[in-house]
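# with the sequence up front, the predicted model follows.
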Amino acid sequence: MRKIVIAGNWKMNKTVAESVKLAGEVVAAARDIKHVVVAIAPTHLALAKVAEVVKGSNVKLAAQDVHWENQGAFTGKVSADMLKEIGVEYVIIGHSEQRSYFGETDETVNKKVRKVLSLAMKPIVCIGETLTERKEGRLESVLTTQVNGAYAGLSADDALSTVIAYEPVWAIGTGVTASDDEAQEAHAFVRGLLAKLYGDSVAQSISIQYGGSMKPENAAGLLAQKDIDGGLIGGAALKADSFLGIIAPGEALSK
């Protein structure tokens, strides 16, 4: 049975000291969570210190990005083995901000996914359409291209070690959220794409998060949908109490 996975993407927020403090608060808040996978993704700069805070707890460490090469002349980038060494278990790949601002493509997403899987970490593969693409009726074609691109050449076993985050780009950081039905419809379509690639059994085993402005007020309704298996949380993850307000309904649904 697939698990609810709730990951806090802190983006470019929090100094190292602030990250350590927030990580400690999340660890304390999530101490009694037993059924939901909880992860936090601080900046690369704070990862090593936060790793010390979450070690031995039920909070997993995630990174916000990775490079696909082992090492070399790639100024400003971080390799997968560097992340693995400090205890990273999940890596966010293909986030809409990486696609929009920093030239991420379906090809580079695939390279990163392969590299992360090769070191037994779990990629959180981000997909999603812009407002223009949705209005033009291209939701399904965009998601099909992104899923097929990200999973190109991956085996069923590889796929089972991934998480997908569906993030409607128009709902990120805007306060606008897809309705429960809209989100469920997109998630069901994505699961159908996975079924075409790997069969229904594999598709039913992969967690698909919602990544479009999930917050305590709407988490229960979204997480109750058949094909929504958690959230990739932005702003609401920057405070432990609001983050727990999203985790708690997931825990209740998982019991």
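Thanks, I have the structure now. Numbering: from 1, shown residues only.
# switch to C-alpha atoms for all contacts and neighbour counts from now on
Noted.
# in the chain, which spans are helices?
Counting by DSSP state H, the chain has helices at residues 16-29, 44-54, 80-85, 96-101, 106-118, 131-135, 139-150, 156-160, 180-198, 200-203, 216-223, 240-254.
# now the residue lying farthest from the centre of the chain: how far from I92?
Distance from the C-alpha centroid of the chain peaks at A73, with 27.8 Å (Cα atoms, centre = their mean). Between A73 and I92 the distance, using Cα to Cα, to the nearest Å, works out to 22 Å.
# so where is the protein shaky, pLDDT-wise?
Filtered on pLDDT under 70, the chain yields the residue ranges 175.
# center of it, which residue is that?
Nearest to the mean C-alpha position of the chain, by Cα atoms, centre = their mean, lies I124 at 4.2 Å.
# if I pick that one, what's in contact with it?
Applying Cα atoms under 8 Å, 6 or more residues apart in numbering, we find I124 in contact with Y90, V91, I92, I93, T162, V163, I164, A165.
# pretty sure the fourth one sits against C126.
Yes. Using Cα atoms under 8 Å, I93 and C126 qualify as a contacting pair, with a distance of 6.1 Å.
# near A240, how many other residues are there?
As a burial measure, A240 scores 19 neighbours (other Cα atoms under 10 Å).
# I figured it was touching V26, is that so?
Yes. In terms of Cα under 8 Å, A240 counts as a neighbour of V26; the distance is 5.2 Å.
# got a list of contacts for stretch 30-44?
The contact list for stretch 30-44 (Cα under 8 Å, 6+ apart) reads 3-14, 19, 23, 47, 50, 57-64, 90, 244, 247-248, 250-251, 254-255.
# from the residues you listed, keep the buried residues only.
For those, a neighbour count by 16 or more other Cα atoms under 10 Å gives the buried set as 3-11, 14, 19, 23, 47, 50, 58-64, 90, 244, 247-248, 250-251.
# and stretch 32-47, which residues are buried?
Buried residues in stretch 32-47, counting neighbours by 16+ other Cα under 10 Å, are found at 33, 35-44, 46-47.
# and A203, what does it touch?
A203 is in contact with R191, G192, L194, A195, counting by Cα under 8 Å, 6+ apart.
# just the buried residues from these, in ChimeraX please.
ChimeraX command restricting these to the buried ones, with burial defined by 16+ other Cα under 10 Å:
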select :191,192,194
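# could the contacts of A203 be laid out in a markdown table, adding distance to L223?
Shown next, in a markdown table, are the contacts of A203 (distance: Cα to Cα, whole Å):
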| residue | distance to L223 |
| --- | --- |
| R191 | 16 |
| G192 | 19 |
| L194 | 20 |
| A195 | 21 |
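# and which of the contacts of A203 is nearest G212?
R191 (17.6 Å; Cα to Cα).
# quick one: that closest one from Q184, how far?
Note on R191: its distance to Q184, by Cα to Cα, is 10 Å.
# common neighbours of the two, please.
D227.
# list the buried ones in stretch 47-57?
By neighbour count on 16+ other Cα under 10 Å, the buried set for stretch 47-57 is L47, A48, K49, V50, A51, V53, V54.
# if you could redo that for stretch 173-187, that was the one I meant.
For stretch 173-187, by 16+ other Cα under 10 Å, it's T177, A178, D180, A183, Q184, A186, H187.
# let me have these in TSV, extended by distance to K84.
Putting these into TSV (distance: Cα to Cα, whole Å) gives the following:
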residue	distance to K84
T177	34
A178	34
D180	36
A183	33
Q184	33
A186	32
H187	30
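# what's the closest of these to V116?
Nearest to V116 among the buried residues of stretch 173-187: H187, at 23.6 Å, using Cα to Cα.
# contacting residues for the closest residue to the closest one other than its chain neighbours?
Distances taken as Cα to Cα, 6 or more residues apart in numbering put D227 closest to H187, at 5.7 Å, once the chain neighbours are dropped. Contact analysis of D227 by Cα under 8 Å, 6+ apart lists Q184, H187, A188, R191, I208.
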